[in-house]
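Novice: Here's a sequence, model it:
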Amino acid sequence: MKPLALLASAGIVIAAPAMAQETKPQVTAQSPDGSIVLTVTIDNDSRPMWSLTRKGKLLIAPSKLGFILTDGLNMTRGFAIESSDTAKGDDTWEQPWGERRFVKDTYNQVTVRFKQGKTYGTRLMNVTFRLFDNGVGFRYEIPEQPGLKTMKIADETTEFDIVPKGTAWWIPGGEWNRYEQVYQKTPIDAVSTAHTPITMKLEDGTHLSFHEAALVDYAGYWFKRATGQTFRTTLSPSSRGPRVVRDLPFATPWRTVRIADDAEGLVDNDLELNLNEPNKLGDVSWVKPGRYIGIWWGMIRNDWTWAEGPKHGATTERTKQYIDYAAKHKFRGVLVEGWNKGWNGDWFGHGDEFSFTQATPDFDIEAVTKYAAKKGVKLIGHHETGGNIANYEANMDAGFALYQKLGVDTVKTGYVADHGGVIANTDYPGGPVGPVRMEWHDGQRQVEHHLAVVEDAAKHHIAIDAHEPVKDTGLRRTYPNWVSREGARGMEYNAWGKFANGPDHEPTLVYTRMLSGPMDFTPGVLSLEGANGPLASTLAKQLGLYLAIYSPIQMAADFIEQLDKYPREMNFIESVPTDWAESHLIAGEVGDYAIFARKDRASPRWFVGGVNDATARTVTLKFDFLDAGKSYKASVWKDGEGATYETEARHNIAYDTRTVKKGDTMDVWLAPGGGTAIRLEPR
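Specialist: So this is what the prediction gives:
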């Protein structure tokens, strides 16, 4: 399908193409409000360049575009601008689930058509730029053309030459532990090679986030500093040599830049979602958000084991206990890890022994699922691969078929292996079997794999929660059964060391990882204890996580015996939704704190809450989002006097009840490592 036809199939209004004309020295376009202006040019070396100004100030200086190929002359020089087309879009679309029900999509678009000279093979390369009032996305569209049937891409030369100085929050790209790293805060020019999203705050207060959208059949990119504040996309490696191999015609993922005046504008921004195609699955009413508990924290802490034996966690008896608790406390699901055969050996980075249909001797999966159904509870399935996608792709359909038969409609997948340690044996899912090849978690092969899993799961009406995933790029719009992912240091790290995730970790995630999409962070460790020491959290912060770290499936991760010790906190967790009509960041700064207001999609209730770093602060919350003329009962959970994550006072929590209405304010003290949670019910 041609690029413009692809846009049309996505429901985009396409303007009549401009008439072909003599080569242009430059093309310009602007966002709907005129604040962002794009300029596309050819420099003195015949290289395509793009630049961006905002409010009259240069934001991105002229930056290169193009490709380095493994089997031909590079597509970097010898270009001229042949022509350009323009288009506009102004639409509102509805999410089946999400942070908000309705998403506004308004933009101006320009497609610039480049052509290389005869000495370079007269090759064609189009670049489409879509400008929103809060950012820009652009992608390459390589049309059908003589003499070029397949592109073997060594790398892109896409650049971002950031002009103003500022601060960056980022994690390194290409390291062994994938995205599961502690965020660094450095000057922009001290970044080396980063995963995206990478967030920046410029000296004038402008906030930026660099990421990508619609990552399909392509390698994920890392944000690599070339010199000064000039960055370049570098693609994740592949065993094939070329990092990407694509037959023409094709379009790359969108390279995205969110742009905002403040932290609120950075977070309340649907740029990547808008750059994805609409839902391809049709009726997805079978995708059900909800809360869950699970047989998981005990294995993470090493109290139980995934492997069979005297400490095996996933037994029939224990699972029924968790089902009983879920039914009593209004949890939709129970996650059971370690129920299947394959955990007894050295499975990390191997995964060849995993079965996705055979249970261990002490786990009766049919009896358990029948018991759960009688209680109105769903089992949440688990498919760990150990990074072995060769084994998984050969057997996953049988696994999904079994789950569908048993009434399991959500599956957590896992790819526990070091970065670069994914085991494959085909060029693409379902391709001819060959020798073992090692791939990267965010390389083209694994990107293809994740999509194959989601598509196969959809055939069985199963939702996917991927751990050790490829980063989220908004594909939940196109495939709404891709409900959540991991892709950062989650709660599990708090089981392994004292203050393993520092107090600023979650208020940094809000403005970095969370800009890409939902995260299965697994909050709700109310005991505040890991295996090797306490969490860098107050009790109130554990509740605030349910508002700060969004996911349509949310866990209460602690042992059920521990959860039972905190009935007032469980009262909040039992009531907090996982599907929202509206969401707004109402107070926050990158890496410091974040407070959200979210409206329940299924009721008139609002919930407010969030998390703080290591610095105590008082935040004034404004209730401007409430409906006028109504009074609301505010039930408040907040840090108690003297609370701090550093001592036993981390358990100090206070409660309050008051009446509020639109226009009121409330001062909330946030402890070091603290947080708050508020439930607002119309009176």
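Novice: Contact partners for the closest residue to residue 612 other than its chain neighbours?
Specialist: The shortest distance from residue 612 to any non-neighbouring residue, by CB to CB, 6 or more residues apart in numbering, is to residue 670 (3.8 Å). Where C-beta positions appear, they are placed from N, C-alpha and C, glycine not excepted. Neighbouring residues of residue 670 by CB atoms under 8 Å, 6 or more residues apart in numbering: 593, 612, 616, 617, 618, 619, 639, 676.
Novice: ok, of these, which come out buried?
Specialist: Neighbour-count burial (16 or more other CB atoms under 10 Å) is assigned, among the contacts of residue 670, to 593, 612, 617, 619, 639, 676.
Novice: can you tell me which of the residues you listed are in helices?
Specialist: Taking DSSP state H, every one of these sits outside helices.
Novice: Reformat those residues as CSV; add pLDDT.
Specialist: Converted to CSV, these look like this (pLDDT from 0 to 100):
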residue, pLDDT
593, 98
612, 98
617, 98
619, 98
639, 98
676, 98
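Novice: Burial check on residue 346, number of neighbours?
Specialist: 9 (other CB atoms under 10 Å).
Novice: whoops, residue 25 was the one
Specialist: Residue 25 has 8 nearby residues by other CB under 10 Å.
Novice: Please name the nearest non-neighbouring residue to it.
Specialist: Leaving aside its chain neighbours, residue 25 sits nearest to residue 41 (6.8 Å; criterion: CB to CB, 6+ apart).
Novice: Any chance of the backbone angles for the one you found?
Specialist: phi -140, psi 180 (degrees, to the nearest 10).
Novice: measure it to residue 63 for me?
Specialist: Look at residue 41 and residue 63: by CB to CB, to the nearest Å, they are 11 Å apart.
Novice: tell me, what's touching those two both at once?
Specialist: Overlap of the contact sets of residue 41 and residue 63 (by CB under 8 Å, 6+ apart) consists of 49, 50, 51.
Novice: quick one: which of those is nearest to residue 316?
Specialist: Relative to residue 316, the closest of the shared contacts of residue 41 and residue 63 is residue 50; by CB to CB it sits at 59.9 Å.
Novice: That closest one pairs with what?
Specialist: Counting by DSSP bridges, residue 50 forms beta bridges with residue 40, residue 63.
Novice: from what I can see it touches residue 38, true?
Specialist: Yes: the pair residue 50 / residue 38 is scored as a contact, 6.7 Å apart, by CB atoms under 8 Å.
Novice: Quick check: neighbours shared by those two?
Specialist: With CB under 8 Å, 6+ apart as the test, residue 50 and residue 38 both reach residue 129.
Novice: mind listing the helices in this structure by residue range?
Specialist: Using DSSP H, helices in the chain cover 3-9, 263-267, 271-274, 297-300, 316-328, 365-374, 389-406, 444-459, 505-509, 539-548, 560-563, 567-575.
Novice: so of these, which one's packed in deepest?
Specialist: Greatest average neighbour count among the helices of the chain goes to helix 539-548 (a mean of 29), per mean count of other CB atoms under 10 Å.
Novice: ok now that one, how far from the chain's centre?
Specialist: Here the centre of helix 539-548 is set off from its chain's centre by 19 Å, with CA atoms, centre = their mean, to the nearest Å.
Novice: Check stretch 125-144 too.
Specialist: Using CA atoms, centre = their mean, the offset of stretch 125-144 from its chain centre is 21 Å.
Novice: any idea of the mean pLDDT for that stretch?
Specialist: Mean pLDDT, stretch 125-144: 98.
Novice: what's the answer for stretch 468-483, then?
Specialist: Computed over stretch 468-483, the average pLDDT equals 98.
Novice: try stretch 498-507
Specialist: Across stretch 498-507, the per-residue pLDDT values average to 96.
Novice: From here on, call the first residue 47.
Specialist: Understood, numbering begins at 47; the last thing we discussed is stretch 544-553.
Novice: And it, what's buried?
Specialist: Neighbour-count burial for stretch 544-553 flags 545, 546, 547, 549, 550, 551, 552, 553 (criterion: 16+ other CB under 10 Å).
Novice: Closest to residue 396 out of these?
Specialist: residue 546 (25.9 Å).
Novice: can you list the domain ranges for the protein.
Specialist: 49-320, 325-340+379-533, 556-729 (automatic domain parsing).
Novice: Which one of the ones you listed lies nearest to residue 540?
Specialist: domain 556-729 (4.6 Å).
Novice: And that closest one, end to end?
Specialist: 32 Å (CA to CA, to the nearest Å).
Novice: One more: stretch 300-315?
Specialist: 16 Å.
Novice: so how far is it off the chain centroid?
Specialist: Counting by CA atoms, centre = their mean, stretch 300-315 comes out at 15 Å from the chain centroid.
Novice: likewise stretch 701-712?
Specialist: The answer for stretch 701-712 is 33 Å, by CA atoms, centre = their mean.
Novice: End to end on it, go ahead and measure it.
Specialist: Stretch 701-712 end-to-end distance (CA to CA) = 14 Å.
Novice: With stretch 164-177 instead?
Specialist: Stretch 164-177: ends 32 Å apart by CA to CA.
Novice: Residue 309: what's its closest spatial neighbour, skipping adjacent residues?
Specialist: Closest to residue 309 by CB to CB, 6+ apart is residue 634, at 5.1 Å.
Novice: hang on, isn't residue 301 packed against residue 183?
Specialist: Yes: using CB under 8 Å, residue 301 is in contact with residue 183, at 6.8 Å.
Novice: What distance do you get for the residue positioned nearest the centre of the chain to residue 545?
Specialist: Closest residue to the average C-alpha location of the chain: residue 563 at 3.2 Å, with CA atoms, centre = their mean. Distance, residue 563 to residue 545, by CB to CB: 27 Å.
Novice: Distance of the closest residue in space to residue 452 that isn't next to it in sequence relative to residue 338?
Specialist: Nearest residue to residue 452 in three dimensions, chain neighbours excluded: residue 415, at 4.2 Å (CB to CB, 6+ apart). With the distance defined as CB to CB, residue 415 ends up 15 Å from residue 338.
Novice: now swap in residue 567 and tell me
Specialist: 13 Å.
Novice: who does residue 656 bridge with?
Specialist: Here residue 656, judged by DSSP bridges, has bridge partners residue 641, residue 722.
Novice: who's in contact with it?
Specialist: 553, 556, 590, 593-594, 633-634, 639-642, 721-722.
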